[in-house]
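A.B. asks: need a 3D model of the sequence below.
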Amino acid sequence: MLSLPENKSDKGGSLRFLNLENLTFSPQRMFWVCDVPAGEHRGGHGHIKDKQQLFCIKGKIIVNLCSKNGFESHVLNEGDSCFMDNMVWAEQLYVTGQDILLVLCSEQFDKQDYFYDKREVYNEDILHSSGL
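C.D. replies: Model (predicted):
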């Protein structure tokens with residue numbers, strides 16, 4: 001997990017930052033998710049090639065990851081993040097209703113890169129057919 005260090009100012013506010021060399025990939029795309037009602041789930045898919053770093057910018061988000069190595073659950077509070085490798089199925093639970101998730105991606109958007117069935121994490125053929 002990476003955390004976003006916080007600098008607080010005496011004049012109010014705070015600044016959080018990330019040194020990009022701390023990532024395991026060079027980001028090619030970024031997006032964020034907000035305005036998700038408390039208790040709602042999003043995600044429910046994985047990526048064949050794309051690797052992602054998921055950051056909780058505001059609120060509290062529970063990230064569930066399923067890989068061929070097992071199941072992991074991460075509670076992300078403001079400033080926390082977790083890594084989602086390729087061939088990992090993920091789902092996020094938005095806890096407060098004020099949550100913001102920022103995602104840095106290793107690949108450009110490609111609809112063909114998505115898989116939705118959690119059991120696909122065990123499918124070696126899907127990796128070989130994508131050239132990995």
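A.B. asks: surely Gly46 and Arg119 touch.
C.D. replies: No - counting by Cβ atoms under 8 Å, Gly46 stays clear of Arg119, with 10.7 Å between them. The way it works is simple: take the backbone N, C-alpha and C, and place the C-beta from them, glycine included.
A.B. asks: tell me which of those two has more neighbours.
C.D. replies: Legend: neighbour count by other Cβ atoms under 10 Å for Gly46 and Arg119, higher for Gly46 (27 against 9).
A.B. asks: what's the pLDDT at that one?
C.D. replies: pLDDT for Gly46: 97.
A.B. asks: show me what the nearest residue to it once chain neighbours are set aside bridges to in the sheet.
C.D. replies: Distances taken as Cβ to Cβ, 6 or more residues apart in numbering put Trp89 closest to Gly46, at 4.0 Å, once the chain neighbours are dropped. Under DSSP bridges, the beta-bridge partners of Trp89 are Gly46, Cys66.
A.B. asks: next one: Trp89 relative to Ser9, how far apart?
C.D. replies: In this view, Trp89 and Ser9 are 40 Å apart by Cβ to Cβ, to the nearest Å.
A.B. asks: burial count for Ala38?
C.D. replies: 13.
A.B. asks: ok, it - contacts?
C.D. replies: Applying Cβ atoms under 8 Å, 6 or more residues apart in numbering, we find Ala38 in contact with Tyr94, Val95, Thr96, Gly97.
A.B. asks: average pLDDT for stretch 67-80?
C.D. replies: 95.
A.B. asks: quick one: contacts for the residue nearest in space to the middle of the chain?
C.D. replies: In the chain, the C-alpha nearest the mean C-alpha coordinate belongs to Leu54, at 2.9 Å (Cα atoms, centre = their mean). Leu54 makes contacts with Ile61, Val63, Leu76, Ser81, Cys82, Phe83, Met84, Ala90, Gln92, Leu101, Leu102, Val103, as judged by Cβ under 8 Å, 6+ apart.
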